[in-house]
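>>> give me a 3D structure for the following:
(2 chains)
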There are 2 protein chains.
Amino acid sequence: MSELRKNFLNGNWVIISSERAKRPKDFKPQVEERAGSLNCPFCPGNEKQTPPEEYAIRNDNSQPDTSGWQIRVFPNKFPALNYEVSSVYFSKPFLSELYPGVGKHEVIVETPEHDTDLKNLGEDDFLSIIQTYLLRYRNALYLPAVKYVSLFRNYKREGGASLEHSHSQVLTLPFLPPQIELELRNIREYQQTNNHSLFTDYIEQELKEGCRIIHKGEQFLVLSPFAPRFPFETWVMPLRHFSGFSQINEDEIIELSYILKKTLKALSTLGDPAYNYYFHSLEGDIDFRFHIEILPRMAKPAGFEWDTGVFINYTVPEEAAEYFRVNF
Amino acid sequence: MSELRKNFLNGNWVIISSERAKRPKDFKPQVEERAGSLNCPFCPGNEKQTPPEEYAIRNDNSQPDTSGWQIRVFPNKFPALNYEVSSVYFSKPFLSELYPGVGKHEVIVETPEHDTDLKNLGEDDFLSIIQTYLLRYRNALYLPAVKYVSLFRNYKREGGASLEHSHSQVLTLPFLPPQIELELRNIREYQQTNNHSLFTDYIEQELKEGCRIIHKGEQFLVLSPFAPRFPFETWVMPLRHFSGFSQINEDEIIELSYILKKTLKALSTLGDPAYNYYFHSLEGDIDFRFHIEILPRMAKPAGFEWDTGVFINYTVPEEAAEYFRVNF
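Alright, predicted model coming up:
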């Protein structure tokens, strides 16, 4: 059972998870090992090492939890949050908010091939992946007590991936998370001051200036944000205004799969860096705009960043955009 | 020349620094190499490889920028911010705040010995280091246009240190950073609602509960925060209320050097992990309370954390405190 705890001072919410509880001995230095497909729980033939699958794209004759799949979805074996009912009540420490963790945490394995990374899959595969993302995102939206669905991908150990086999994750929250609340506050303040939509004005301005645009498709923009936290940080944003991923249409799905593949390919020319991406998405709030934020992890937030919330970035975003335009 | 840029959506401030501008070719995969003392710019004999020193604790006969020092302070060769005057004006993009970076960035090398980490220095050395911290912090406070002084240490490459020779850094900002503003808002809200000081009540509660206290000295508490972002995150907080590091007294300096050494020693029993620490300090605000936050970097914030601002922590802080109490 997990706990959701809020820090009295910095407002951070923290999931304290006892599902994969780490004890001091777990932190002795580890030799990083490449698991290979034999011991990989995400590889075909090892389906019994994961919880039973909840969805898969499979060959016609294959049975659930056996090989024969292209994409496979199952609950995270070590969920940060779950729906297990517990009769334990926690004392509420003074100054601190705490309640039992409730939510769903699942894994989307994007390819059966252990040594093939997402960016090297074909265009049809990418389309299936985005469609699977959408299906699982929508499924999570309607679970009990879900206020936010986080759909994200961590690439490489440097990017926080604990297994090297290509995968993404879905994790729900029973409240609007602080990052989204902060952004909504900024969006509302702008609307009140300017009587205009923040995102609409932002995109108009970026299109006018042009220097941070990487690619303009029919439905999506790829751009370097004006104040990127990380070198080569990249956002993918729809030209049509909609707040949540669930509202994406068929044409947009097709272009998004093409554009996301191209963006990841361009990023990999920088020495195939670790990265995180997440679908920044909020249903039912007309002022928010769905978009994807891709954070390459070539630099590390360190003491100064944690102290201040100010990021140091040694790469000028206009130069990053120029590099990506050439390599897109 | 650097720029300070604010992101319209998430409110992040970013320092775009062209002093150590990284171009795409700089991001090809690097083989991590251990520099050794021969090529280390922080080692005795290599003083000419750094900007001229601004302060040092030296043997009586030794000259500035030569060997013979115990602690040496000089401007960062690749400052995130500096005071160079420039006549360049930047266009102010719509929705975005931007102004020329102004500030000071310096390096405090804590020992001449390349292979000796901070935690292995003697108690007298630690006292000199804290005294040097204080001197440089106070010096930075009175520089032009300084609204905040960040004093921080990054340990190991995993913790963002670009050189392995033991060092800390001071970096000033011309505004109150977002993290501090957020905390001040929480402090004020608590004060208004409860007519009590947040920090006073917090410490009273932690002392009463006891389970997160690692060490209680005469002047300082060492504790695991209730909602730690990282496994084994540890805070060092004075029992006397004062807001800024500059207000520390002689007795407190002595105990702080002892306690910080003990805390780092205890942390190192977990496989000598990378960490960041920073002196969280604000002058002239009576509601804030000076303290040190130590963030071990055994886990990585990844896609979910960046998406939501919620952290997943697989270590229960009460268990971390218990471990540290035994190993303190």
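>>> quick check: which ranges of chain A have low pLDDT?
Residue ranges of chain A with pLDDT under 70: A:19-35, A:85-99.
>>> which residues does the closest residue to residue A:230 other than its chain neighbours contact?
Residue nearest to residue A:230 in three dimensions, not counting chain neighbours: residue A:295, with 5.0 Å by C-beta to C-beta, 6 or more residues apart in numbering or on different chains. Quick note: C-beta positions are derived from backbone N, CA and C, even for glycine. For residue A:295, the contact set (C-beta atoms under 8 Å, 6 or more residues apart in numbering or on different chains) comprises A:229-230, A:233, A:275-277, B:303, B:306.
>>> let me know the helix or strand that residue A:282 is in.
Using DSSP states H and E, residue A:282 falls within no helix or strand.
>>> quick one: the strands in chain A?
Taking DSSP state E as the criterion, chain A contains strands spanning A:3-6, A:13-16, A:55-58, A:69-75, A:97-100, A:105-109, A:148-155, A:167-173, A:213-216, A:220-223, A:234-238, A:275-280, A:291-296, A:310-313.
>>> how about those strands in a markdown table, adding distance to residue B:312?
Shown next, in a markdown table, are the strands of chain A (distance: least, C-beta to C-beta, whole Å):
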| stretch | distance to residue B:312 |
| --- | --- |
| strand A:3-6 | 11 |
| strand A:13-16 | 5 |
| strand A:55-58 | 23 |
| strand A:69-75 | 16 |
| strand A:97-100 | 15 |
| strand A:105-109 | 9 |
| strand A:148-155 | 11 |
| strand A:167-173 | 8 |
| strand A:213-216 | 31 |
| strand A:220-223 | 29 |
| strand A:234-238 | 24 |
| strand A:275-280 | 13 |
| strand A:291-296 | 17 |
| strand A:310-313 | 21 |
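>>> that older thread, which among the contacts of residue A:295 end up buried?
A:229-230, A:233, A:275-277, B:303, B:306 (16 or more other C-beta atoms under 10 Å in any protein chain shown).
>>> how about the helices in the stretch 101-250 of chain A?
Per DSSP state H, counting those that start in this stretch, the stretch 101-250 of chain A carries helices over the ranges A:123-141, A:178-194, A:198-209, A:250-268.
>>> would you format these as TSV with distance to residue B:166 and mean neighbour count included?
Output for these, formatted as TSV (distance: least, C-beta to C-beta, whole Å; neighbours: other C-beta atoms under 10 Å in any protein chain shown):
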stretch	distance to residue B:166	mean neighbour count
helix A:123-141	45	18
helix A:178-194	34	15
helix A:198-209	44	17
helix A:250-268	34	19
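>>> closest one to residue A:242 among these?
Of all the helices of the stretch 101-250 of chain A, helix A:250-268 sits nearest to residue A:242, with 8.7 Å by C-beta to C-beta.
>>> circling back: as JSON lines, the helices of the stretch 101-250 of chain A with distance to chain B would be great.
Output for those, formatted as JSON lines (distance: least, C-beta to the nearest C-beta, whole Å):
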{"stretch": "helix A:123-141", "distance to chain B": "13"}
{"stretch": "helix A:178-194", "distance to chain B": "3"}
{"stretch": "helix A:198-209", "distance to chain B": "4"}
{"stretch": "helix A:250-268", "distance to chain B": "10"}
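>>> nearest to residue B:4, of those helices?
Across those, residue B:4 has its closest neighbour in helix A:178-194 (17.5 Å, C-beta to C-beta).
>>> list of residues touching that closest one?
By C-beta under 8 Å, 6+ apart, helix A:178-194 touches A:11-13, A:148, A:176, A:196-199, A:201, A:280, A:282, A:285, A:287-288, B:8-11, B:95, B:306-310.
>>> any idea how far apart the tips of stretch A:276-288 sit?
With C-alpha to C-alpha, to the nearest Å applied, stretch A:276-288 spans 21 Å between its terminal residues.
>>> what sits up against that stretch?
A:133, A:137, A:141, A:148-155, A:159-160, A:180, A:183-184, A:187-188, A:191, A:197-199, A:243-247, A:290-295, A:297, B:302-304, B:306-307.
>>> what about residue A:218, how many neighbours?
Residue A:218 has 9 neighbours, counted by other C-beta atoms under 10 Å in any protein chain shown.
>>> now it. Nearest residue, chain neighbours left out?
residue A:255 (6.1 Å).
>>> help me confirm that that neighbour comes into contact with residue A:216.
No. Applying C-beta atoms under 8 Å as the test, residue A:255 and residue A:216 come out as separate, 11.2 Å apart.
>>> just give the closest residue to residue A:68, not the sequence neighbours.
Here the residue nearest residue A:68, using C-beta to C-beta, 6+ apart, is residue A:62, at 2.7 Å.
>>> ok so, going back, got TSV for the contacts of residue A:295, with distance to residue B:122 too?
Formatted as TSV, the contacts of residue A:295 follow (distance: C-beta to C-beta, whole Å):
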residue	distance to residue B:122
A:229	39
A:230	39
A:233	43
A:275	43
A:276	42
A:277	47
B:303	43
B:306	41
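>>> burial measure for the closest residue to residue A:279 other than its chain neighbours, as a count.
Excluding the flanking residues, the one nearest residue A:279 by C-beta to C-beta, 6+ apart is residue A:151, at 4.3 Å. For residue A:151, the count of nearby residues is 25 (other C-beta under 10 Å).
>>> distance of residue A:151 from residue A:144?
Using C-beta to C-beta, to the nearest Å, we find residue A:151 at a distance of 19 Å from residue A:144.
>>> same check on residue A:201?
Taking C-beta to C-beta, one finds residue A:201 at 37 Å from residue A:144.
>>> ditto for residue A:184
23 Å.
>>> on that earlier part again, quick one: which of the helices of the stretch 101-250 of chain A is nearest residue B:212?
helix A:178-194 (22.1 Å).
>>> using PDB, write down the CA coordinates of that closest one.
In PDB, the C-alpha atoms belonging to helix A:178-194 read as follows (Å, rounded to 0.1, in the frame of the first residue of the first chain):
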ATOM      1  CA  PRO A 178       0.900  20.600  -8.700                       C
ATOM      2  CA  GLN A 179       2.500  21.100 -12.100                       C
ATOM      3  CA  ILE A 180      -0.800  21.200 -13.900                       C
ATOM      4  CA  GLU A 181      -2.400  23.400 -11.200                       C
ATOM      5  CA  LEU A 182       0.500  25.800 -11.600                       C
ATOM      6  CA  GLU A 183       0.100  25.900 -15.400                       C
ATOM      7  CA  LEU A 184      -3.700  26.400 -15.100                       C
ATOM      8  CA  ARG A 185      -3.100  29.400 -12.800                       C
ATOM      9  CA  ASN A 186      -0.800  30.900 -15.400                       C
ATOM     10  CA  ILE A 187      -3.300  30.200 -18.100                       C
ATOM     11  CA  ARG A 188      -6.100  31.900 -16.100                       C
ATOM     12  CA  GLU A 189      -4.100  34.900 -15.200                       C
ATOM     13  CA  TYR A 190      -3.200  35.500 -18.800                       C
ATOM     14  CA  GLN A 191      -6.800  35.100 -19.900                       C
ATOM     15  CA  GLN A 192      -8.000  37.600 -17.300                       C
ATOM     16  CA  THR A 193      -5.300  40.200 -18.100                       C
ATOM     17  CA  ASN A 194      -5.400  39.900 -21.900                       C
END
